[in-house]
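> Got a predicted model here, sequence first, then my questions.
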Amino acid sequence: MTHKERPEGQILVIFGASGDLTKRKLIPSLFHLYRSNKLPKHFAVLGIGRSSYTNDEYRAYLTNELSTFGDIKDADQKAISSFINMFNYLVMDPSDMNEYPKLKVVLEELSTTNNINENYLYYLATPPALYKKIPLGLKEVGLNKDNGVKGKKRIIIEKPFGYNLKTAVSLNHTLMSAFKEDQIFRIDHYLGKETVLNVMALRFANGIFEPLWNRNYIDHIEITAVENIGIESRAGFYDEVGALRDMVQNHLIQLVAIAALEPPIKFDADNFRNEVVKVYNALRPLDKEDVLKNVVRGQYVASGMHESYREMKGVKKDSRTETYVAMKLFIDNWRWEGVPFYIRTGKQLPTKVSEIVVHFKQTPHMMFKGDKNERVYNKLIIRIQPNEGVLMRIAMKTPGSGYEVKDVSLDFTYDKLGGVPTGDAYARLIEDCMKGESTLFTRSDAVEASWKYFDTIIKEWEDNPMIPLYGYPAGTWGPLEADKLMNKGFTWTNPCKNLTNTDLYCEL
Ligand code: BG6
């Protein structure tokens with residue numbers, strides 16, 4: 001199937017139909033696909049939840065949420081109403097196994113009335129506690145059976161995939177007792193971001209970078225994904241999970257993999273995902289001392305207008321959940337031996353930014369003498385969001401007499417390619433899944449390899465009360481201890497606080 005072809009007719013079944021993820025991400029993404037003619041020609045959605053809605057009430061609810069969360073400035077009301085008419089609702093408790101026969105009947109009816117083969121795509125937009133029950137419920141009534149042309153069955157499962165290695169293995173086991181690996185789509189929306197995918201193009205569609213992309217020329221790599229918001233209304237979820245499980249074990253480590261992987265032979269599901277797993281398996285295992293020395297965790301405290309994390313509604317007053325993590329890690333393979341990767345994430349930092357900064361090694365010698373001239377480190381900044389683009393810092397002579405050399409930028413921003421990336425990462429991933437294209441979804445071995453690495457940190461944090469949880473004032477760049485992770489002479493690259501302009505870079 002080419003990327004232009006529409007997916008075959010199917011029914012999307014959303015478990016958690018009135019939840020946060022559905023209204024914030026899924027409905028706007030589906031609407032985006034609808035407006036771009038990317039949904040199947042024969043298509044219906046069945047929302048499932050415990051709240052008691054009729055079809056009409058559910059459609060009215062969605063229309064309202066779409067106006068809040070969707071990008072509908074140019075959409076006419078007719079498009080919205082024909083889009084919303086594809087939605088149906090079933091009141092059902094997914095944790096009750098006795099309810100699944102009812103679901104089967106409703107799906108068969110919907111298939112018949114909409115002239116769709118029994119192709120069902122299940123989206124688990126529910127709390128993780130249901131991730132095991134739903135696949136088993138579907139299996140109980142045969143709704144897991146992939147009958148090829150007569151009815152494909154696929155399942156999308158959200159992060160967090162497990163709580164540690166043990167629970168992830170057990171979840172994989174249950175899921176795979178009902179569905180085959182090629183029916184399972186473990187979603188990590190970072191892999192759907194246009195700019196993350198562009199890192200692959202930058203590295204492998206340009207001849208100039210790959211010869212330099214290794215320990216001989218790269219000094220270190222920084223990966224940042226920070227936010228200037230707190231936990232909003234997600235205290236119940238976040239206080240149990242924390243930044244390591246929410247961002248590091250999945251989004252950040254995916255970015256490490258994209259920056260570090262070997263060129264896949266082809267960009268397809270097996271080849272790409274094989275290379276990702278190789279990176280995870282090459283992560284240098286941490287011991288207790290590494291956790292103490294190379295991992296910094298923090299929690300934001302009150303500052304200015306912001307209240308502290310512990311004051312947030314729903315957070316335990318003595319919570320030790322981390323809202324910030326910075327760490328130094330190594331990849332033990334031929335390409336990356338000895339090159340530190342510094343990664344960090346945090347809530348309530350000064351700005352929202354995700355980027356990869358590649359620091360090249362210094363020139364061996366500086367022949368231009370002068371007070372202001374220092375040896376130059378070239379930097380390649382790959383900005384994932386906002387102001388998506390790529391920027392290279394290089395040294396140039398300033399005009400005039402003498403030889404003063406200055407660090408300046410060569411930049412590319414997406415608007416030069418005809419506009420900023422449109423469409424949400426979710427839209428791209430849902431479309432891929434509807435087509436059965438699994439390249440950008442996490443395979444079971446990758447999820448387990450990643451947990452295996454992070455399990456040591458989780459265990460040490462649980463077992464060793466001596467490991468500090470540093471407070472940092474909300475609105476700052478996190479605990480100062482994170483700076484000490486860096487090798488001598490380096491600091492984190494903190495972009496300007498106000499990233500609303502189109503510049504990719506500014507000196508603080
Ligand atoms: C989600 C996390 O997966 O990613 C959130 O659960 C976080 O806590 C979000 O805010 C960040 O995503 P993005 O695309 O805004 O960088």
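Alright, I've got the coordinates. Residues are numbered from 1 along each chain as shown.
> going forward, measure contacts between C-alpha atoms and count neighbours the same way
OK.
> Would you confirm that residue 277 contacts residue 448?
No: contact criterion Cα atoms under 8 Å: residue 277 and residue 448 do not qualify, at 9.5 Å.
> Around residue 478, count how many other residues there are.
29 (other Cα atoms under 10 Å).
> Give me the local confidence score for it.
Turning to residue 478, the model gives it a pLDDT of 95.
> same deal with residue 73?
Taking residue 73 on its own, its pLDDT is 68.
> Span of stretch 184-204 from start to end?
28 Å (Cα to Cα, to the nearest Å).
> neighbouring contacts of that stretch?
With Cα atoms under 8 Å, 6 or more residues apart in numbering as the test, stretch 184-204 has contacts from 154-159, 161, 209-210, 250-251, 254-255, 258-259, 263, 382-385, 388-389, 421, 424-426, 428-429, 433, 438, 440-443.
> Show me just the buried residues among those.
Listed as buried from the contacts of stretch 184-204 are 154-159, 161, 250-251, 254-255, 258-259, 382-385, 388-389, 424-426, 428-429, 433, 438, 440-443; burial here means 16 or more other Cα atoms under 10 Å.
> Run through the helices of the stretch 1-150 of the chain in chain order.
20-21, 27-35, 55-69, 77-84, 100-114, 133-140 (DSSP state H, counting those that start in this stretch).
> try the chain
For the chain, applying DSSP state H gives helices covering 20-21, 27-35, 55-69, 77-84, 100-114, 133-140, 165-178, 194-204, 235-243, 253-260, 269-282, 288-294, 425-434, 444-463.
> Mind checking the ones you listed for the one nearest to residue 224?
Among the helices of the chain, the nearest to residue 224 by Cα to Cα is helix 253-260 (9.4 Å).
> Now tell me what touches that closest one from outside.
Taking Cα under 8 Å, 6+ apart as the rule, helix 253-260 contacts 190-191, 196, 199-200, 223, 276, 279-280, 336, 341, 356, 450.
> residues in contact with the residue lying closest to residue 362 once chain neighbours are set aside?
Leaving aside its chain neighbours, residue 362 sits nearest to residue 377 (4.7 Å; criterion: Cα to Cα, 6 or more residues apart in numbering). Contacts for residue 377 (Cα under 8 Å, 6+ apart) come out as 359-363, 394.
> ditto for residue 282
Applying Cα under 8 Å, 6+ apart, we find residue 282 in contact with 331-333.
> between those, which is nearest residue 312?
residue 331 (37.5 Å).
> Tell me, how many residues neighbour the closest one?
Residues near residue 331, counting by other Cα under 10 Å: 22.
> Out of the helices of the stretch 1-150 of the chain, which is closest to residue 242?
Of the helices of the stretch 1-150 of the chain, nearest to residue 242 by Cα to Cα is helix 20-21, at 18.2 Å.
> Please work out the average pLDDT along that closest one.
91.
> repeat for stretch 157-177
Here the average pLDDT along stretch 157-177 is 96.
> Tell me which residue is most central in the protein.
residue 190 (2.8 Å; Cα atoms, centre = their mean).
> where are the low-confidence patches of the chain?
1-3, 73-75, 369-375, 415-423, 496-508 (pLDDT under 70).
> what residue of it is the furthest out?
Quick read of the chain (Cα atoms, centre = their mean): farthest out is residue 401, 49.5 Å.
> Just the buried ones among the contacts of stretch 184-204: which are in strands?
When strands are assigned by DSSP state E, the members of these inside them are 154-157, 382-385, 389.
> List the residues that contact residue 143.
Residue 143 touches 104, 153, counting by Cα under 8 Å, 6+ apart.
> what about 10 Å?
Residue 143 makes contacts with 100-101, 103-104, 107, 118-120, 122, 135-137, 151-154, 178-179, as judged by Cα atoms under 10 Å, 6 or more residues apart in numbering.
> isn't residue 39 right next to residue 45, touching?
No: if you go by Cα atoms under 10 Å, residue 39 and residue 45 don't touch, sitting 11.2 Å apart.
> Overlap in contacts, the two.
Listed as contacting both residue 39 and residue 45 by Cα under 10 Å, 6+ apart are residue 10.
> Any figure for the gap between residue 447 and residue 177?
17 Å.
> what about those two, which has more around it?
residue 447 (21 against 12).
> tell me the contacts of that one?
161-162, 165, 168-169, 172, 186, 249-250, 277, 280.
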